[in-house]
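Asks: Just a sequence and a predicted model for now, questions to come.
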Amino acid sequence: MSLLKRIGWLFAVAALFLGLSGCKAEEEEEAQSETMTGSVTFDIPYYVLKGETVTMSASGIIYPKDVTYHWYISGVYDDSLSFQKISVRFPDSLGTFQVSGIAYADGYYISSKSISVTTIDTTWNTSLQGLARSHQVMVDARDGKSYQYVTLGGLDWFSQNLAYQGTGIPFKASKAAAPLFGSMYTWNEAVTENVCPEGWRVPSNEDWESLAAAMNSGKALPFFDNWAGLGMKASADAYINESRMWPYSPDNTHTNTYGWNGLPLGYTYGNGIEYVGMNNYGFWWSSSEKDAGNGFYRYIWYDRGDFPMSYTGKSDMRINVRCVRTHPQS
C-alpha cells in the first residue's frame, strides 16, 4: 500500500472513530436527560393592534425549580430573550407572528409552547376588507362604540356584530378584535341580560322573519324554513389582512346583497379561545325560546347558500348578536 493510501486510510478510521464516539456521547447525554414536570404556559391575545406593546409572563414548570424561561418571537426579535416576564412591542405593520415560550434546565428536555399572534388595524377597510359600508350609524351610550346599521323590512339591523363587553367575551378573547368581529355571548348573556343598547333588542323569531321577507322580494318565509339563497345574500366575501375568511364555494358566493355583512366566526365555549367552525360558519342568536332550556339561532355555512335555524342550550355555546329595532317613523 502506498504512503498516500495509508494516510487516507488512517484519516478515514479516525473520522469513523470520532463519529461513533460523538454519537455515543450524544446518546449517553440523551439517556441521562429527564422530563420536566408541568408545561410551559403564558397568555397573549390572538389579535393585537399593530404597534401594540403586550406584557407576557411564562410559568407552568413545577420541577425542576431552577428552570429558566426564554422567548423567541419570529419577525420581532432575531434572538431569544432570557426573562420570565417580558414586554413586547409588535411591529407597526400587519402580519402574523409566532410567539414561543421555552423552559430550559440542565439535564432536562426543554418544554415549550407556541402561539400565533396577528396584528390588526381597526380603521375601516384596513385589516378587515370586503364589507358593505352604511352611512347610518348609532353610538352605544354605555361605552361609546359606534355601529353601522341597515334598514330592511321596517327594521333597523346592525350590520356589525355587537361588541359590548359588559358581558360575554370578545372574539378570540382579544379586546383589540372586538371592533372588527364583535363579542360572543351565550343566549342567557344576550337575552336575559338584555345585552343590546337602549332602544335596541336581540331579534326575535318574528324579527328574523321580517328580515327574510325583506331579502326575499317581500315574500314571507317562516322562521323554521331554511331560507334558500338568503345566506348568500346576507354574507360578505370578507378578508382579514388580505386572507379570505370564507372558503370558496360555487354554492355560496357571498353577494352581501343588502349589506348585512355576515362573517364566519364560528362558536366557542368556556374561555373563548378555542373555536369550532371558524371560517366555515357564522351564528347569530334569536331572543325566542324553543323551551325553558334552549334558545334559537340562525347560521350560515360556507358551502350552502341558505340561512337555516337551529337551537342549543341557553348557557352552552357563545355566538354573535345582531341588535335590531323598529325603524323610527319620521
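Replies: Sure thing, it's come through. Numbering: from 1, shown residues only.
Asks: where does this protein dip in pLDDT?
Replies: Flagging of the chain using pLDDT under 70 yields the residue ranges 1-31, 330.
Asks: dump the residue contacts of residue 178.
Replies: Contact analysis of residue 178 by C-beta atoms under 8 Å, 6 or more residues apart in numbering lists 163, 165, 170-171. Where you see a C-beta, it was placed from the backbone N, CA and C, and this is true even at glycine.
Asks: Helix, strand, or coil at it?
Replies: Using DSSP: H, G, I helix; E, B strand; the rest coil, the structure places residue 178 in helix.
Asks: any idea how far it lies from residue 263?
Replies: According to C-beta to C-beta, to the nearest Å, residue 178 stands 13 Å off from residue 263.
Asks: can you check residue 37 too?
Replies: Counting by C-beta to C-beta, the gap from residue 37 to residue 263 is 42 Å.
Asks: ok, now residue 296?
Replies: On the measure of C-beta to C-beta, residue 296 and residue 263 end up 20 Å apart.
Asks: And those two? Which one has more around it.
Replies: Taking residue 296 and residue 263 together and counting by other C-beta atoms under 10 Å, residue 263 has the greater number of neighbours (26 against 20).
Asks: Surely the more buried one and residue 245 touch.
Replies: Yes - Residue 263 is within contact range of residue 245, at 6.2 Å (criterion: C-beta atoms under 8 Å).
Asks: which neighbours do those two share?
Replies: Common neighbours of residue 263 and residue 245, counting by C-beta under 8 Å, 6+ apart, are residue 238.
Asks: Report how many residues lie close to the residue nearest to residue 241 when sequence neighbours are not counted.
Replies: Among residues not flanking residue 241 along the chain, residue 94 sits closest, at 4.9 Å (C-beta to C-beta, 6 or more residues apart in numbering). Look at residue 94: counted by other C-beta under 10 Å, it has 15 neighbours.
Asks: residue ranges for the strands of the stretch 101-250 of the chain, please.
Replies: Using DSSP state E, counting those that start in this stretch, the strands of the stretch 101-250 of the chain run over 111-120, 128-129, 137-139, 146-152, 155-158, 169-170, 183-184, 239-240, 243-244.
Asks: List the neighbouring strands of the fourth one plus their orientation.
Replies: When pairing is defined by DSSP bridges, strand 146-152 lines up against strand 137-139 (antiparallel), strand 155-158 (antiparallel).
Asks: Deepest-packed of those strands, please.
Replies: strand 155-158 (a mean of 23; mean count of other C-beta atoms under 10 Å).
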